[in-house]
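Participant: Need the 3D shape of this:
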Amino acid sequence: MGDFIGFLGANLADFWTYTGFHNATPGNIIMILIGLAFIYLAVSKEFEPMLLIPIGFGMLVGNIPFNTEAGLMVGIYEDGSVLNILYQGVTSGWYPPLIFLGIGAMTDFSALISNPKLMLIGAAAQFGIFGAYMIALILGFDPMQAGAIGIIGGADGPTAIFLSSKLAPNLMGAIAVSAYSYMALVPVIQPPIMRALTTRKERLIRMKAPRVVSHTEKVIFPIIGLLLTCFLVPSGLPLLGMLFFGNLLKESGVTRRLAETARGPLIDVITMLLGLTVGASTQASEFLTFSSILIFALGAISFFIATASGVFFVKIFNLFLGKDNKINPLIGNAGISAVPASARISQIIGLEYDPTNYLLMHAMGPNVAGVIGSAVAAGILLGFLM
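Facilitator: Down below sits the predicted model:
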């Protein structure tokens with residue numbers, strides 16, 4: 001009997017070493033709390049729930065501790081595990097292009113086609129990327145790491161993942177979480193900057209209604225867009241090619257089933273897998289480092305620069321435009337590629353000062369231009385850093 005009790009006790013003691021309770025570290029608890037905070041913001045505040053719930057839950061999954069010395073192969077960094085196989089879509093860089101395919105299939109470029117000069121606002125907002133890149137270099141990151149960090153300023157999670165997977169795979173978790181976090185916080189971060197940089201008179205500027213865009217223009221745009229951007233920046237082809245392909249599926253009018261699949265089931269599945277695996281990659285041992293803190297700080301700086309650059313560009317641009325062609329600088333914030341969240345902020349702030357001034361359609365121009373701009377910026381960084 002005594003031998004049996006001793007045997008049972010030894011087995012229970014051995015079992016205890018396999019449990020998460022035994023292997024948990026303070027870092028795991030911190031990351032689990034952060035994951036719960038993401039889920040809370042998604043459910044309670046409705047901050048980008050399609051992104052924050054998968055990422056937040058992924059943080060819970062990735063920070064359940066286990067005994068690696070016992071041969072358990074269940075984590076995201078253990079070769080051959082299910083999570084590791086799913087994570088290869090991130091590390092190999094094929095989730096982001098599929099996301100861009102879906103984005104293209106759900107994006108209407110009419111506002112940009114009807115007023116092409118709005119493309120310049122999307123380009124101006126990319127100063128946040130290159131500003132953060134230079135600051136990261138000053139802080140001691142190597143050029144490839146600095147390029148991956150800078151892309152956070154584009155407020156484009158898939159682009160950030162694609163670029164960091166090529167330039168700085170070891171920083172990808174922090175960069176991806178930072179990019180998606182700031183995308184979700186657009187309603188909190190951007191309004192104070194927009195109010196601080198504009199006058200009441202500027203906020204009341206009324207813009208001409210966009211002209212009607214023909215079906216032919218909509219079909220031609222993704223073809224011309226692909227040729228112009230990818231001949232200029234061939235390294236951006238994986239993202240830009242899929243973006244414009246998805247848009248052609250939508251606008252051609254004869255591939256409705258393909259377009260609906262791309263912007264529906266396909267993008268939903270990839271978003272779930274990408275969010276879950278990116279969240280799971282934030283294991284405390286890999287994520288809770290001084291570099292991660294710097295990345296979050298640089299991400300905030302790049303986001304501020306991008307928003308301010310868009311607003312300032314419109315103010316300067318207006319100096320060269322006639323009285324009847326002025327652009328409301330409140331749409332300058334939409335130059336980042338957080339579609340359509342930043343365009344909605346332009347609308348909301350504009351309505352605060354004039355309940356009859358609808359800026360959403362105008363803001364969608366620089367907003368979709370920002371999607372193109374961030375992919376082009378990623379291609380430029382990839383081209384001269386690789």
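Participant: Please count neighbours and contacts with C-alpha atoms only from this point.
Facilitator: OK.
Participant: give the contact list for Gly299.
Facilitator: Shown in contact with Gly299 (C-alpha atoms under 8 Å, 6 or more residues apart in numbering): Ala132, Ile149, Gly150, Ile152, Gly153, Ser178, Ala179, Tyr182.
Participant: Just the pLDDT for it.
Facilitator: Confidence at Gly299, expressed as pLDDT, is 87.
Participant: so which helix or strand takes in it?
Facilitator: Taking DSSP states H and E as the criterion, Gly299 maps to helix 290-317.
Participant: Likewise for Ala160?
Facilitator: Using DSSP H and E, Ala160 falls within helix 157-167.
Participant: Strands of the protein, residue ranges please.
Facilitator: Using DSSP state E, the chain contains no strands.
Participant: quick one: low-confidence parts of it?
Facilitator: For the chain, the stretches flagged by pLDDT under 70 are 1-11, 13, 68-72.
Participant: Taking the centroid of it, which residue is nearest it?
Facilitator: Centroid-nearest residue in the chain, with C-alpha atoms, centre = their mean: Gly157, separated by 2.0 Å.
Participant: so who does it touch?
Facilitator: Gly157 makes contact with Ala176, Ala179, Tyr180, Met183 under the criterion C-alpha under 8 Å, 6+ apart.
Participant: let's see it at 10 Å
Facilitator: Taking C-alpha atoms under 10 Å, 6 or more residues apart in numbering, we find Gly157 in contact with 51, 96, 99, 151, 175-183, 275, 337-338.
Participant: Identify, from these, the entry nearest to Leu228.
Facilitator: Ser337 (19.4 Å; C-alpha to C-alpha).
Participant: The closest one touches Ala124, doesn't it?
Facilitator: No - the pair Ser337 / Ala124 is not scored as a contact, 12.0 Å apart, by C-alpha atoms under 10 Å.
Participant: Give me the common contacts of the two.
Facilitator: The contact sets of Ser337 and Ala124 overlap at Pro366, Gly370, Gly373 (C-alpha under 10 Å, 6+ apart).
Participant: still on that earlier bit, filter the contacts of Gly157 down to the ones in helices?
Facilitator: If you go by DSSP state H, the contacts of Gly157 have 51, 96, 99, 175-183, 275 in helices.
Participant: ok, and the most crowded of the shared contacts of Ser337 and Ala124?
Facilitator: Counting neighbours by other C-alpha atoms under 10 Å, Pro366 leads the shared contacts of Ser337 and Ala124 with 37 neighbours.
Participant: got the contact list for it?
Facilitator: Going by C-alpha under 10 Å, 6+ apart, the list of residues near Pro366 reads 109, 111-112, 115-125, 310, 331-337, 339, 342-343, 372-373.
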